[in-house]
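1. here are the coordinates; sequence isn't available:
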Ligand SMILES: [Zn+2]
């Protein structure tokens, strides 16, 4: 396998640290608002990554976080905590906000059939670990205090600018004059934020004495800071520390793959690297995969433009999660993409076509033979002409192994799909056994492979019709044979209305298809 690795800015061959288990960390959402469809492209791409690794024989240990504290409205440690702001607006507690939007996020995450990570870690469950790491960084000389918190001194980490290819001097020169004057450098970032006395911040934890004793508070007016009944200064973690700590706690010092949005490269991921690598002296991640974003009808998604779409909007127009998943997979994680209803309709059409290919596995040869559902391929076939499932699946996997190019892979699958049955219009035909397709059980293996790779639920979403439906199809065929067109049309309409499928008449008999 090979991926475009932000760390090296090139496509690198994948070599896991441990051949048996690949460790992945994904930066998850900040759970303060409804997630829009654009937020979910990333989770589909990283799900494809997990599925591809698994099909290559790796066990995957993947952790994702949920940010429920400390993500400020500006990435540069200014502004309000997004969670607190949302809670005030909605007159709820921050904990209620976190629970509500976590549930909403996970509903869509699971609706999109994304593989469940081994752990979904909430930032607020790692406060102890955050403080431990802040202590380590303080002991190693990376931390200093300002009136509003404990900051990381980025000048102490010589490689700070490397990951994001940052021009720190240029940043400093172009800086706004009103940035926190106590920060030593513009790129320094908060490890821990203090809460001012007048400030209303519901999520708060005391700063332990053993950390406070290591820091210099002489220039800070502690009277202005909120404290608990024991006099301990109250605060909350900076946004970046949670990811470093969750990775360290659940996956170890160095992981294989770290994923996130491209907007995280210059600040959030740069800071994660600075924290973790300074604290533990090890490379944080060997491969960094970053997803690009989508636009909607050519415009960046934003509240002010009013072009935010959620899955509820898609549902109202008759689309489901799998239609959207197919649309996402027709793109590539590192390219910007434009969403339009026309493109979604095309993805839906392609998915319907594939589901109809999958549904052929149940289909019947001719009306005279209908005795309820019969599995195709019961007769022995000529082995020398029969293809192996790997003849189909290997080139597909090879394609996606090359930098997760699912769009090209989908095109390849679409090309192969009509060839998988020995006779697509007549899957039970024994005479047509030797035209290079797959037998019934192997065709089933093929579908299972496609579902394992792309997660489109082709098998689950295409159950067999009930026996009564087949009896109606048989009756209609009989009516057609006796040229009773009126009855034939009537039965056709009845089948469509009752079972939601349309009938297609082929040379070898009638097959049913989803609309
Ligand atoms: Zn993160």
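-> Yes, it's here. What you see is a predicted model, and the numbers here were worked out from it, not measured in a lab.
2. going forward, measure contacts between C-alpha atoms and count neighbours the same way
-> Fine.
3. using the three-state scheme, assign the residue in the stretch 301-450 of the chain positioned nearest to the ion.
-> The nearest approach of the stretch 301-450 of the chain to the ion comes at residue 333, 17.6 Å away (C-alpha to the ion). Assigned by DSSP: H, G, I helix; E, B strand; the rest coil, the conformation of residue 333 is coil.
4. nearest residue to it in space, please, no chain neighbours.
-> Spatial nearest neighbour of residue 333, excluding adjacent residues (C-alpha to C-alpha, 6 or more residues apart in numbering): residue 291 at 4.7 Å.
5. do the same with residue 403
-> residue 3 (4.2 Å).
6. next up, the contacts around that neighbour.
-> 11-14, 289, 402-404 (C-alpha atoms under 8 Å, 6 or more residues apart in numbering).
7. before we move on, what SS does it have?
-> strand.
8. returning to what we had before: among the contacts of residue 3, who's most crowded?
-> For the contacts of residue 3, neighbours were counted using other C-alpha atoms under 10 Å, and residue 404 has the most, 26 neighbours in all.
9. who's in contact with stretch 149-160?
-> 142-145, 183-185, 187-194, 235, 270-271, 274, 278.
10. that one: which residues count as buried?
-> For stretch 149-160, the buried set under the neighbour-count rule, 16 or more other C-alpha atoms under 10 Å, comprises 149-154, 160.
11. which residues of the protein lie near the ion?
-> 27, 243 (C-alpha under 5 Å from the ion).
12. break the chain down into its domains, please.
-> The chain breaks down into these domains under automatic domain parsing: 2-291, 321-514.
13. which stretch in those domains has the least confidence?
-> Lowest mean pLDDT within the domains of the chain: domain 321-514, at a mean of 81.
14. run a quick neighbour tally on the residue nearest to residue 164 when sequence neighbours are not counted.
-> The shortest distance from residue 164 to any non-neighbouring residue, by C-alpha to C-alpha, 6+ apart, is to residue 266 (4.8 Å). Using other C-alpha under 10 Å, residue 266 has 16 other residues around it.
15. and residue 266, that's in a helix?
-> Yes: under three-state DSSP, residue 266 sits within a helix.
16. hmm, it is touching residue 162, no?
-> No: Residue 266 is beyond contact range of residue 162, at 9.8 Å (criterion: C-alpha atoms under 8 Å).
17. tell me the contacts of the residue nearest to residue 333?
-> 42, 45, 259-262, 333-335.
18. now with 6 Å?
-> With contact set as C-alpha atoms under 6 Å, 6 or more residues apart in numbering, residue 291 has these partners: 42, 261-262, 333-334.
19. coming back round to it: can you redo the contacts of residue 3 as TSV with secondary structure?
-> Output for the contacts of residue 3, formatted as TSV (three-state DSSP):
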residue	secondary structure
11	strand
12	strand
13	strand
14	coil
289	strand
402	strand
403	coil
404	coil
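20. follow-up on the earlier one: so which of the contacts of stretch 149-160 sit within strands?
-> With strands defined by DSSP state E, the entries of the contacts of stretch 149-160 inside them are 143-145, 189-194, 235.
21. which of these lies closest to residue 362?
-> residue 191 (59.1 Å; C-alpha to C-alpha).
22. measure that closest one to the ion for me?
-> As judged by C-alpha to the ion, to the nearest Å, residue 191 and the ion stand 13 Å apart.
23. can you count the residues close to that residue?
-> 28.
24. surely it and residue 238 touch.
-> Yes: assessed by C-alpha atoms under 6 Å, residue 191 is found in contact with residue 238 at 4.7 Å.
25. tally up the residues packed near the closest residue in space to residue 271 that isn't next to it in sequence, please.
-> Leaving aside its sequence neighbours, residue 271 sits nearest to residue 240 (C-alpha to C-alpha, 6+ apart; 6.4 Å). Using other C-alpha under 10 Å, residue 240 has 26 other residues around it.
26. got the phi/psi numbers for residue 240?
-> With angles defined as degrees, to the nearest 10, residue 240 sits at phi -80, psi -30.
27. let's have the contacts of residue 291 in TSV, adding neighbour count.
-> Shown next, in TSV, are the contacts of residue 291 (neighbours: other C-alpha atoms under 10 Å):
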residue	neighbour count
42	24
261	20
262	15
333	25
334	18
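28. of these, just say which sits nearest to residue 394.
-> Comparing these against residue 394 with C-alpha to C-alpha picks out residue 333 as the nearest, at 22.2 Å.
29. how much space separates the closest residue to the ion within the chain from residue 275?
-> Nearest residue of the chain to the ion, counting by C-alpha to the ion: residue 27, 4.1 Å away. In this view, residue 27 and residue 275 are 16 Å apart by C-alpha to C-alpha, to the nearest Å.
30. report the buried residues of the helix or strand containing residue 400.
-> Element membership for residue 400, per DSSP states H and E: helix 389-401. Buried residues in helix 389-401, counted by 16+ other C-alpha under 10 Å: 389, 392-393, 396-397, 399-401.
31. also stretch 401-415?
-> Residues of stretch 401-415 classed as buried by neighbour count (16+ other C-alpha under 10 Å): 401-410, 413.
32. got the contact list for it?
-> Applying C-alpha under 6 Å, 6+ apart, the set of residues contacting stretch 401-415 is 1-3, 329-331, 399-400.
33. redo that, cut-off 7 Å
-> Residues outside stretch 401-415 that contact it (C-alpha atoms under 7 Å, 6 or more residues apart in numbering): 1-4, 49, 52, 329-332, 396, 399-400.
34. stretch 26-40 too?
-> Here stretch 26-40 has contacts from 63-68, 82-83, 86, 97-98, 101-102, 105, 258-260, 293-294, 308-311, using C-alpha under 7 Å, 6+ apart.
35. switch to 8 Å and redo it
-> Applying C-alpha under 8 Å, 6+ apart, the external contacts of stretch 26-40 come out as 62-68, 71, 82-83, 86, 97-98, 101-102, 104-105, 109, 243, 258-260, 293-295, 301, 308-311.
36. good, we can wrap up now.
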